[in-house]
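> predicted coordinates and the sequence they were generated for:
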Amino acid sequence: QVQLVESGGGLVQAGGSLTLSCAASGSIFSIKAMAWHRGAPGKQRELVAQITSGGSTNYADSVKGRFTISRDNAKNTVYLQMNSLKPEDTAVYYCYAEVTVQTIGGLQGFSYAYWGQGTQVTVSS
């Protein structure tokens, strides 16, 4: 079992900043890609940013230059620093991780995709 727990969402005025965190726990052998997606009412869930185990990053055009994704591999945690927030950034933000699980014997198991429960970010104008 692997769990992803997000924190850091909230209400902020336009132009403000927030930092989201997502910690993975459980039977983890290793974590490949980690990412943040977001979903707003009436809109399809979209990829915001992703980061590989080696630190390579990719961002949606709408957040480039404003958001920064990072990870602490020792803590199995991914962060999303969000600056210059806009009302259109309002959404539920979901953490994603591609996790290679650890078997009972401590060996490498299969890889699975896991999602967090989501954290609300609301940006007021």
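Great, that's in hand.

> is Tyr79 in a bridge, and if so with what?
Judged by DSSP bridges, the bridge partners of Tyr79 are Ser21, Ser70.

> what's the burial count for it?
By the criterion of other C-beta atoms under 10 Å, Tyr79 has 19 neighbours. Heads up, the C-betas are built off the backbone N, CA and C, glycines and all.

> list the residues that contact it.
Applying C-beta atoms under 8 Å, 6 or more residues apart in numbering to Tyr79 gives the contacts 19-22, 69-72.

> could you do Gly8 as well?
Counted by C-beta under 8 Å, 6+ apart, Gly8 has contacts 18-21, 119.

> could you say which helix or strand holds Tyr112?
Using DSSP states H and E, Tyr112 maps to strand 108-115.

> ok so, going back, of the contacts of Tyr79, closest to Ala35?
Nearest to Ala35 out of those is Ile69 (C-beta to C-beta; 7.6 Å).

> how close does the residue of the chain most remote from its centre get to Ser27?
For the chain, the residue at maximal distance from the C-alpha centroid (C-alpha atoms, centre = their mean) is Gly105, at 29.4 Å. Per C-beta to C-beta, to the nearest Å, Gly105 is found 11 Å from Ser27.
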